[in-house]
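In: Here's my sequence, what's the structure:
(one chain, ligands or ions: 3)
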Amino acid sequence: MARILDGKAIAKQVKDELRQRVSQLRETGLVPKLVVVLVGDDAASASYVRSKSRAAQDVGIDAEVIQMPANIAEDELIRALERLNEDNTVHAVLVQLPLPAHLDTDRILMHVHPAKDVDGFHPVNIGRYATGTPLLWPCTTAGILEILERSEIPIAGRTAVIVGRSRIVGWPTAQLLLAHNATVIQCHRQTVNLREYTRQADILVAAAGQPSLIGPDDVKVGATVIDVGINRVGGHLVGDVDFAAVEEKAGAITPVPGGVGPLTVAMLMKNTVHLAEIHQREKEGFR
Ligand SMILES: NC(=O)C1=CN([C@@H]2O[C@H](COP(=O)(O)OP(=O)(O)OC[C@H]3O[C@@H](n4cnc5c(N)ncnc54)[C@H](OP(=O)(O)O)[C@@H]3O)[C@@H](O)[C@H]2O)C=CC1
Ligand SMILES: Nc1nc(=O)c2c([nH]1)NC[C@@H]1CN(c3ccc(C(=O)N[C@@H](CCC(=O)O)C(=O)O)cc3)C=[N+]21
Ligand SMILES: [Mg+2]
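Out: Ligands and ions are numbered 1, 2, ... in the order given. Sure thing, here's the model as predicted:
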């Protein structure tokens, strides 16, 4: 039976530590501020945004949600982002994804200033973590590291297999594990015989968005299984891993819900505070 990695409990630890750090910042007159830009009225996105606002309030971060109509013109959205870039009270900006299909996501994300890019999706920030000088890691990827480290699961020298290569999870997670000296295998839809790779994993990260993609025959005995998937099946939430069956074979496993998801939200708060602290240091440097 695997050890269940309790993401909710780890996220609470992270937020408890942050609350301390934020109250110290507030004493110096700095209130970290996050702005979430939500385009359209997708129910799932709205629900994520609500949990982000709740977490911000919980740790003392000022969070503002800017809601825009689904049919907003691209240039109007870009102008709104540029106003946020110029606003000195705003330290962190997140554009909730996915965006409506008429908007060019790559173009939009280029208009979040790299110093306020709390998701780490701007090409400058991707370049920074790809070249070994990360400003920050994307929230889900940072959350996976937090789970592994706080659970004392070693990374260096281990074989890590990541299923998925998206900008939001798969790609940065492979880069992070590589930076921590894992031997990394990255899989995607065109991977032939996925199982051949996943069975080699000491650390298996499933970030495909496919329920039951990973079953007991896909994992090595004793492996650490990190299930990033969030899929709504028959009215409830499941990951990409067949939890009940894999749990018998893995050494450690994250549940869904209550695994990676809560860390994504907690690390958004941690990245916000990090950007606010850098902002303050740079301001002091200019005095
Ligand atoms: N827990 C959390 O905090 C978060 C959870 N999520 C969840 O994680 C999942 C992935 O999200 P995201 O990365 O944004 O999704 P995307 O759809 O952008 O990317 C999915 C990736 O998985 C690959 N993939 C899909 N199906 C298969 C398959 N059958 N075999 C091998 N590879 C496959 C795709 O390959 P290819 O590139 O070839 O198309 C792609 O690289 C979703 O369920 C999402 O809801 C996302 C963000 C945060
Ligand atoms: N710019 C941007 N940045 C993101 O980081 C981003 C995004 N867009 N778009 C959507 C995905 C998805 N995502 C999640 C956040 C929290 C949970 C989460 O809290 N999940 C809970 C359950 C939530 C529930 O019950 O619905 C859990 O797994 O326990 C999941 C997924 C962030 N994303
Ligand atoms: Mg989860």
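In: Select the longest helix from this structure.
Out: When the chain is parsed with DSSP state H, its longest helix is helix 260-285.
In: and it, what does it pack onto?
Out: Counting contacts by 3 or more CB pairs under 8 Å, 6 or more residues apart in numbering; DSSP states H and E, helix 260-285 packs against helix 7-27, strand 33-39, helix 43-59, strand 92-95, helix 139-150. Backbone N, C-alpha and C define where each C-beta goes, glycine included.
In: got the contact list for the residue positioned nearest the centre of the chain?
Out: Central residue of the chain (CA atoms, centre = their mean): residue 140, 2.0 Å from the mean position. With contact taken as CB atoms under 8 Å, 6 or more residues apart in numbering, residue 140 is in contact with 168-169, 172-173, 207, 228, 260, 263-264, 267.
In: Which pLDDT value goes with it?
Out: On the pLDDT scale, residue 140 is placed at 98.
In: on that earlier part again, nearest approach to residue 278 belongs to which of the helices and strands packed on helix 260-285?
Out: strand 92-95 (10.6 Å; CB to CB).
In: Averaged pLDDT, the closest one. What do you get?
Out: 98.
In: Likewise for stretch 61-76?
Out: 98.
In: repeat for stretch 41-56
Out: 94.
In: what about the residue nearest to residue 262 when sequence neighbours are not counted, neighbour count?
Out: Closest residue to residue 262 apart from its sequence neighbours, by CB to CB, 6 or more residues apart in numbering: residue 11 at 3.7 Å. Neighbourhood size, residue 11 [other CB atoms under 10 Å]: 25.
In: give me every residue that touches residue 11.
Out: Shown in contact with residue 11 (CB under 8 Å, 6+ apart): 143, 262-263, 265-266.
In: Got a ChimeraX select line for the buried ones in these?
Out: Here is the ChimeraX selection string for the buried members of these, based on 16 or more other CB atoms under 10 Å:
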select :143,262,263,265,266
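In: which of the contacts of residue 11 come close to ligand 3?
Out: With the criterion set as CB under 5 Å from the ion, no member of these is near ligand 3.
In: Quickly name whichever of the contacts of residue 11 is closest to residue 81.
Out: residue 265 (22.1 Å).
In: I'd assumed residue 55 was in contact with that closest one.
Out: Yes: Residue 265 lies in contact with residue 55 (CB atoms under 8 Å); the separation is 4.9 Å.
In: any idea how far the single nearest residue of the stretch 1-150 of the chain relative to ligand 2 is from residue 105?
Out: In the stretch 1-150 of the chain, the residue that lies nearest ligand 2 is residue 97 (3.7 Å; CB to the nearest ligand atom). Counting by CB to CB, to the nearest Å, the separation of residue 97 from residue 105 is 7 Å.
In: Tell me the one among the contacts of residue 11 nearest to ligand 3.
Out: Each of the contacts of residue 11 was scored against ligand 3 by CB to the ion, and residue 262 proved nearest at 6.8 Å.
In: can you tell me how far the closest one sits from residue 111?
Out: In terms of CB to CB, residue 262 sits 29 Å off from residue 111.
In: what's the answer for residue 135, then?
Out: Taking CB to CB, one finds residue 135 at 17 Å from residue 111.
In: which parts of the chain sit against ligand 1?
Out: 140, 163-166, 168-170, 187-191, 194, 207-210, 213, 228-231, 260-261, 264 (CB under 6 Å from any ligand atom).
In: And the helices in the stretch 51-200 of the chain?
Out: With DSSP state H, counting those that start in this stretch as the criterion, the stretch 51-200 of the chain has helices at 74-86, 105-109, 123-130, 139-150, 170-179, 194-198.
In: would TSV of those with distance to residue 29 be doable?
Out: Putting these into TSV (distance: least, CB to CB, whole Å) gives the following:
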stretch	distance to residue 29
helix 74-86	21
helix 105-109	31
helix 123-130	27
helix 139-150	27
helix 170-179	33
helix 194-198	50
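In: Identify the bridge partners of residue 185.
Out: Counting by DSSP bridges, residue 185 is bridged to residue 161.
In: can you tell me how far it sits from residue 198?
Out: Residue 185 sits at a distance of 9 Å from residue 198 (criterion: CB to CB).
In: the domain parsing of this protein - what is it?
Out: 28-116, 139-261 (automatic domain parsing).
In: Out of those, which is the most enclosed?
Out: Of all the domains of the chain, domain 139-261 has the most neighbours on average by mean count of other CB atoms under 10 Å, namely a mean of 20.
In: what sits against the closest residue in space to residue 263 that isn't next to it in sequence?
Out: Closest residue to residue 263 apart from its sequence neighbours, by CB to CB, 6+ apart: residue 143 at 2.8 Å. Counting by CB under 8 Å, 6+ apart, residue 143 touches 7, 11, 260, 263-264, 266-267.
In: Fine by me, thanks again.
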